[in-house]
Each structure stands twice: as C-alpha cells, then as structure tokens.
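>>> my questions concern the predicted model and sequence given below.
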Amino acid sequence: MQVRLADRLTDLAIAAFLWAFRLSVVAIVVVGSFLTLTSGKYNVDTWTGLVITGLATGSVYALVALGYTMVYGILRMINFAHGEVFMVGGFAGYFAAVGLSSLGVLNAGPLASLLSILVMMVVAGAFSTLIALLVERVAYRPLRNAPRLIPLISAIGASFFLQYSVKGWAGPGVYAYPDVGVLNELVPIDFVRIQWKQVLVVTAALVMMAGLYVFVMRTKIGTAIRAVSEDKATAALMGIDVNRAIVTTFAVGAAMAGAAGVLFALMFRQINFFSGFEPGLKAFTAAVLGGIGNVPGAMLGGLFLGQVEAVGPTLFLDGLGVPGASGLAKAIAFTMLVLILVFRPSGLLGERISGQRA
Amino acid sequence: MSQLQAETPSGHRVAPETARPSVGDAGWRPVLKLGLLGGAIALYLCLTGIVPIFNPRALIAGLISLGEVALLTTGLGVGYLAARRAPDGPRRALLGATIAGAVAGAFLTALVLLGAAVDLRGIALHASPATYEILTFGFGIPGSWIPIVALGLAAALGGAIQVLPPRLQRPVTTGLMALLVVGLFAGIIRTPMLASPLTDQLGRLLFASEGLTLVGAIVTVVVVLGGQWLNRRLAVRRRGRELPQAQRRRLTLPVALIGLLFVLWLPQGVGSFFAQVVAVVTLYVLMAFGLNITLGLAGLLDLGFVAFFAVGAYTVGLLTSTGEYGIAQWPFWAAVPVAVVLAMLFGAFLGLPILGIRGDYLAIATLGFGEIIRILAGSDLLKPWLGGPRGVTSIPKPIEVTPDSFLAGPLQIYYIALAAAVVVAFVAIRLRDSRLGRAWIAIREDEDVAEAMGVNLVQTKLLAYMLGAAFAGLGGAIFSTLLGAIISSSVNLFVSINVAAIIIVGGMGSIPGVVGGSIFLIGIPELFREFSEYRFLFYGVALIAMMIYRPEGIWPSRIARRELHTTDALEPGDPTAVPATEMGKA
C-alpha cells in the first residue's frame, strides 16, 4: 500500500512539473510579445517583412513535411532520411542550373529564367525520387514488419549514408547557387516589399500542394494510397497492390522534397552536404505540428512553423532582453518540436487515423 | 466489419513475395544482375572518393594499396555471389563469376573513357585523372581495359573460393582477412618493435613504414593459418569448456590478470598519439556503458545524449578552470561528483516531460534537446558564462605531474577513464540483474504488458534516463580534462550518434559489444585519417546492415541472442545457459 502511495505522489509531482513547464512557456511567449510590441522598436514594415520571409520558408517546410506525413501515414515510420532526399534534390538542381547557365539560358529574360527553374525543379524531383526509391528498397522494405525503433535506426543510417556520400562526391565545401537576377527584383506594388523569388516559392509550393491534393483524392492510385494507410491487410484483400502504393508514396513525397530543395536553395543561395538536416528536422516538426499522417495538417504545420521561426525570436525574446535573439531561431524551432511532442503528439489537427498508435 | 479488420495483427506480411526461382531456371540472368550491381558499387567507391583517398595507404608495400583493395574486394564479393547463383557445375560457376566481375569492371572502363572525353570534375569531385590512374594501375587511357581484367580476375578468385571444398574455404578467407587486418595495423605494430633493439630487425623485415613487406605478408599468412591449424588440433576452446568447474575457475584468474596487465600496458607501449586514441576509445566505452542502460536495457533511444555530456563537461570546466571563465578552481576530484549529480538532475528535468511519449517520438524529441543544448552553448545568450564558441579553456589535468612522468598527457586520462568505465560496467551489470533491471527489460519488450505487471513506467524509465545521463556527465567531465578545454563545437550531435552507433552495432545490453563497438567505430577512424573521412558513411551502412541482418548486434548479450534466435540459443555444451522456463522463476 505504501508503495502505491509513493507512486501516486511521484505521479502528482510529475503532473505539477509538467504544468509548471507549460505555464512558463506560455508566460515567456505572452510577456515577451507584450514587451516587444509595447517597446515600439519595430514598425509595421519590419513585421510584414518577417511574415513574408516566414511564408516563403514555411511553404518549403510544408512541401517537405508532406513527404514525412505521407510515409508515416502509410508505414507508421519516421522517414529520417527525408531531409537528405531534400538536400540531394538541391544538389541535382544545382548541377542543372550550372548546365543551364553555361548554355546561357538561366538569365536570358524572365520567361527563360522561369523555364530554367522549372527544369531545375523537374531534374531535382526526378533525382530525389530515384534516391528515395533506392533507400526504400534497400533500407526500409526488408524491415517493414519490424518493431518501430528498428526502421527508425535504419533510416538514421540511411540519412548518414546519403549525407556522407554527397560529401564524398561533392566535397565538404559550400556551393553557392547560381544567381537568377530576375528573382531578386522587387514586385512592383507599393504597400509591401516583396521579392519575386518569394512569390515564386510560395506559388510553386501552392501549385504542388494543390496537385498533391488532387492526386491523393481524385486518382485511382491516390485512393489506393489512402486505403493502404487505413488498413494494409484489408486493402490487400480488396485487390490493391500494397507495395505499389507504398512505393508511389515515397516517390511523390521525394519528388516534392526535391523540388522544395531547389526552392529552398534559390532562397538561401547556398547548399552543402549537411544542409538537409536542419530543414528536414524542421519539416518533421511541421508534420507533427499538423498531426502526423494528416496531409492538410502538414501544409498548415509548415506554414505555421515558418511564421513562428521568422517572427518568434524577435517577438518573444527581444522584449525580454535576450541578446542575439535571431541566433536562437533554430533553438526556437527545436523547442517547438519538443513541446509539441510532449504536450500534443497528435498535433494541432489531430491524427487522422486513430486507434493504431501505441 | 471494419472493426474486425482493424484488429488483425499488423505483424504478418501482406503481400507475399513470389518464391525465388530455383537456381537452374534463371540461367545467367542473376550473374549479369550481380555484375551490374558490382559495377554500380565500384563506381560509387570511385566517385565518392573512397578509392582515391584510401589509395595512398599501402597494404603490402609496393604491391597493393588500400584503395585497390576496396575495388578488388568488390570484384571478389561479386564473384563469390555470382558463383553461387550461376548455373550448376564448378566450371560454369567460375565462368559466371568471371563474367560478373568483368561486367562490373566494364563500368570503370566506361568511366575512364568518358572521363578522358569530357571533364567530369564539374559534377563529381573525384572523377579526376588521379582516380583514372589508380583504376588503370598507372597505365592511363591506353590501359582503360585494365579494370575489366582486374575485376574479372578478382571475381574469378571469389568464385574459386565459393567452389572450393569447405575444408579449404576457411583457411583462404582467414588468410585474406589476416592480411587485411595486419596490413592495416602494420605501422602501429612497427613503431614499438623498432623502439627495442631486440625486435628492430624483425620489425624492418616484416613491416614497411606503411603496410606489410612481401616477406611480412607471407609470414602473416603462414602464422595465421598455422595458428588456426594448431587451434583445431588442440581444440583449446572445447577442452576449456570440458574442464571441471574448479579447474576452470583456477584458469580464470591468470587469464584475467594477463588481460589486465595488457590493458594497463597498452598506451605505454605504443607512443603518445596512440595513447590519445586509446584514451578517447576508453571514454566512449564509458559513455556507451551509460547509454547501454538507457538504450540497451530500457530500450529508450536517446539521441540527445550529448546534452548531459555537455553538462558534465561544462560543469567541470567552470569549476576547475584557471582561465577566464573559471569560477571556483576546485580540484578535478571535487568537481566530478558535482558534474555527475548535475547531469543526473538535468536528466530528470529533461526526462520528466518527454518520457511519456512513445519510442520513435522519444528519439526525435531527445535529438531536439541535444540540438537545443548545442545552440545554447554556442549562443550569445550564455556567452558571459560559457564563453560562446570559444568555450571554457585552461582546464587543468586531474593529476598534477611533471612533464616527464609516466602519467603525463593523455595517459592519466586513460587510466581515469578506464577506472571509471570499470565502475560503470560493474554498476550496469549489478543493475541489470536487479529487480529494476528486469523492469527495464520488461519495458523494452512491451510497455503495456510491463505496466499491467505493476511496473511504474514513468519512474522506471526516468531512472534509466537519469543513470544514462549521469554516466554521460562523467564522460563529459573526463573529456573536458583530456582536451584541457570545452568548446561549443565539441558538443555536437555526433557525440550522441557515436555512442548510439557503438551500442547498436556492438550489441544492445552486451559488455563485449560495447568494448568491441568502441574499438571498431571510434578507434579505427581516430587512427586512420582515411577512415575518419568516411566514418559516418560507414556508420550509415553499418546501421542499415545491422538492422536488416543482425538487429541484436555483433557481440550480443546472451539474453538478446536467445530472444532473437530461439532455436539455436541453447547450446547443449553451454552450462551457463538457463532454460527459458527457469528464467521466469528467477
């Protein structure tokens, strides 16, 4: 009986600790925002600038998050190597861009630039798909029925393998993405400062997401994917080729991640072998944020995370007098990750498929 | 209906794979496939730079380099597999192996020819003339046919090994392996041999400055094969097992003593660079014992191990440093307990919120923690206390000695780490066999059942997590004195990955696994620059391969082995094995 009491007490202590944790996070956010806003250090232009940056990075996170969420939906595994698939896409796009610029088309007027970027994204998407299918075949398929931790470890292995293969292939240095002049110009509207590349990134992401939505909801293979996500055994009994549905899921996710790799690199203008790790982890955060396994959730989660990351450091921390707040932006994203996993692992929209989580 | 369907166990294979066609039906197709696969691997080895970067190190001086070995091993493996899949009959098997090797070699020839026509360096750093020189064994473009012949011959050798009767197969493979290992370590074995006039001549005869000499290679093969033959004749191991208990116990002590003396002597005999490596390896053994409790026993994959390592390192750094950021200038021995306790408390602080979440999420959440700590340690926010990227410097060594003392430099760290590792191992073993240890293992196997059996999940997990954290803190504390400084860039994700990989590759919950894993995964990359360049590439391959072929690790604990291979677990000759039915009563 006494043991039970001790257990009850520790459980109580843990609950109290968790509430204190929650409250302190809320307090930091509220007090920080209040102090920052009342300090009047920043004007409206600063905030809109931050919001637009957040929108652009957020839509890239959303694209990558879709890959995490779809694979999780169908296999219940965290595809840790997805960030590396994104990075590989960035590299494929880089080599395509170098080729295009040596042919002289990359900067030959707005239409040529746009078409070149389209070519880069297609090349990147195709190459990423190839890599993702290889990884699925070699590292994931043999482990499909293993306990959860085993495919995760294999995925971590695949992630390192891809990173350091690229390091061996292309060297450890940072590659500067070729400049597309048109993208740096401002959109000719008065009330906000917005670059064409931000417009491009957001538009491309929205188009791809809409395409994905149609693909998943309207096509036959999309229906098959949804069916397999619900219940593999029943789907197989209904004559669905489960393997094909899984492979298609990986391919679609990877194609979007590859294209997103190009968009991301166009924004930040540099890539190296490690540049998939952080965006990958953040996109995973976005996927969990939206409720992993949930396709619209991943899109929302990505956009939300982009905003928090862009606006958050200034809004929450600056008012509290934290020095170098923008340097802590990464820490903010990871803190979000931990907080979401601790307090709402089912995400903001809840998990679509219930009852199968242990 | 759907309710019923949802309850079907997800464990069974949904789409059954079609049965493999028997060897005879497939004809030469599998041979060709293996050739293509081998070619892809060989191209990969060249273009990721493994061949050109490994090439400068000779394995047998003047005869063969490590880069060439990498290529030829690919051919050997392709040949070995191709001979097994080829149509029946030894002659056709050999032919199949040779064809597969030649097909693989043709890829390299194509690379050389393509590289001669177009400059590929723009898209692949290592598609350079230097690489082509290696591929053609120095003959350049006119010798572009050489890879086909070389890989074909290597594959033929591989096929021959496959075709050989089993009685001969074993010695050949052992001989080749021995050449590889001894050749790799030749430089390290040579140094102490040259130091003494007694063995100086012998060292020069057998070993070049890098790799074996030809004489050395022959001697190695003869000695290893002779040893194997003797071993089989005398059947040392079987006899040892058949000895009566009392005699066996009498043998244990001298063997243990010899082992102890060897471990104590190790860093003394082999030069200061090697001593540093041995110290780092021992440090990782210590930390791996710690994570072994969290991951190996309780099954919690903690990828944020570095967070506690950082707490330990910075605590000792701040408390003992005589430099700018030092706050107390305590002796090391007073600071270590504080560091360990702090790391443990920190483990409780981080563990409490996250231990409720499920296994794979937990891994990612801890990874997030590790990253947060890394960013904070280098941030402007904590710079006034932790020194930001420049870190805390001037951390004194634990034992103050004169520079010529035998304890100077990394040696004393080695002994301290060794002692700490022994203590940690002892604690880990005792805990494993305790009630708490069994609760951990129960949680690892099935949380729900464990909870139903009365295990308090959060408490039990928290204890595992805190103990792991404490040992990580101890590791960090010793590490900071080894370097004499703790900077934010040494607190990175790779510390966590290193430790996790040691346990996963070596074998979860197994002590020889931890030691072997550390030597293999930390020691070899630290010793050889070529390996350290591709360290995480190998980790990646190793992790995937282990998960697919041997999830219990290379040197698994007896329990894990029994769990995963129930049929062959109970060897009749192994008196220590407890039948599974008795385990429940214990």
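In hand now; what should we look at?
>>> please count neighbours and contacts with C-alpha atoms only from this point.
Noted.
>>> what are the ranges of the helices in the stretch 101-250 of chain B?
Secondary structure of the stretch 101-250 of chain B (DSSP state H, counting those that start in this stretch): helices located at B:129-135, B:146-163, B:166-195, B:197-206, B:214-234, B:236-242, B:245-269.
>>> give me the nearest residue to A:Thr10, chain neighbours excluded.
Leaving aside its chain neighbours, A:Thr10 sits nearest to B:Gln459 (7.8 Å; criterion: Cα to Cα, 6 or more residues apart in numbering or on different chains).
>>> can you read off the pLDDT for that neighbour?
pLDDT recorded at B:Gln459 is 83.
>>> now for the helix or strand encompassing it, which elements pack on it?
Assigned by DSSP states H and E, B:Gln459 belongs to helix B:457-483. Under the contact criterion of 3 or more Cα pairs under 8 Å, 6 or more residues apart in numbering or on different chains; DSSP states H and E, helix B:457-483 touches helix B:272-291, helix B:305-320, helix B:332-354, helix B:410-432, helix B:435-445, helix B:447-452.
>>> does chain A sit close to the helix or strand just after that helix?
Next in sequence after helix B:457-483, counting helices and strands by DSSP H and E, comes helix B:493-506. No. Applying Cα under 8 Å from any Cα of the partner chain, one finds helix B:493-506 separated from chain A by no less than 8.7 Å.
>>> hmm, who's touching helix B:493-506?
B:284, B:287-288, B:291-292, B:296, B:301-306, B:367, B:370-371, B:509, B:512-518, B:521-522, B:539, B:542-543, B:546, B:551-556 (Cα atoms under 8 Å, 6 or more residues apart in numbering or on different chains).
>>> can we see that at 6 Å?
Helix B:493-506 is contacted by residues B:Ala288, B:Leu303, B:Phe305, B:Val306, B:Gly513, B:Val514, B:Gly517, B:Ser518, B:Gly553, B:Ile554, B:Trp555 when judged by Cα atoms under 6 Å, 6 or more residues apart in numbering or on different chains.
>>> which of the residues you listed lies closest to chain A?
Nearest to chain A, judged by Cα to the nearest Cα, of those is B:Leu303 at 10.6 Å.
>>> what about that closest one, which SS state?
What DSSP: H, G, I helix; E, B strand; the rest coil gives for B:Leu303 is coil.
>>> my read is that it contacts B:Gly368, right?
No. At 8.4 Å, B:Leu303 does not count as touching B:Gly368 under the criterion of Cα atoms under 6 Å.
>>> how about the residues of chain B that lie near chain A?
With Cα under 6 Å from any Cα of the partner chain as the criterion, chain B comes near chain A at residues B:11, B:14, B:47-49, B:124-125, B:354, B:360, B:365, B:368, B:372, B:380-381, B:536-537, B:540, B:543-544.
>>> can you tell me which of those residues are buried?
Buried members of the residues of chain B next to chain A, counted by 16 or more other Cα atoms under 10 Å in any protein chain shown: B:14, B:47-49, B:124-125, B:354, B:360, B:365, B:368, B:372, B:380-381, B:536-537, B:540, B:543-544.
>>> tell me the contacts of B:Gly143?
Applying Cα under 6 Å, 6+ apart, we find B:Gly143 in contact with B:Thr136.
>>> flag every buried residue along stretch A:194-211.
Buried-residue list, stretch A:194-211, by 16+ other Cα under 10 Å: A:194-202, A:204-206, A:208-209.
>>> what about that stretch, distance to the chain center?
Offset of stretch A:194-211 from its chain centre (Cα atoms, centre = their mean, to the nearest Å): 15 Å.
>>> do stretch B:275-286 as well
Relative to its parent chain, stretch B:275-286 has a centroid offset of 14 Å by Cα atoms, centre = their mean.
>>> could you export it as CSV, CA atoms only?
Taking Å, rounded to 0.1, in the frame of the first residue of the first chain, the C-alpha atoms of stretch B:275-286 are listed here in CSV:
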residue,chain,number,x,y,z
ALA,B,275,47.7,6.7,-26.3
GLN,B,276,45.4,9.6,-27.0
VAL,B,277,43.4,7.4,-29.3
VAL,B,278,43.2,4.7,-26.6
ALA,B,279,42.0,7.3,-24.1
VAL,B,280,39.2,8.5,-26.4
VAL,B,281,38.1,5.0,-27.1
THR,B,282,38.0,4.3,-23.4
LEU,B,283,36.0,7.4,-22.8
TYR,B,284,33.5,6.2,-25.4
VAL,B,285,33.4,2.8,-23.7
LEU,B,286,32.5,4.5,-20.5
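>>> what does that stretch contact?
The contact list for stretch B:275-286 (Cα under 6 Å, 6+ apart) reads B:Pro267, B:Pro410, B:Tyr414, B:Ala417, B:Ala421, B:Val515, B:Ser518, B:Ile522, B:Gly523.
>>> and for the fifth one, the neighbour number?
Under the neighbour criterion other Cα atoms under 10 Å in any protein chain shown, B:Ala421 is assigned a count of 24.
>>> among the contacts of stretch B:275-286, which two are most distant?
Greatest spatial distance among the contacts of stretch B:275-286 (Cα to Cα): B:Pro410 and B:Val515, at 19.3 Å.
>>> wait, what's in contact with A:Gly67?
Under the criterion of Cα under 6 Å, 6+ apart, the neighbours of A:Gly67 are A:Gly253.
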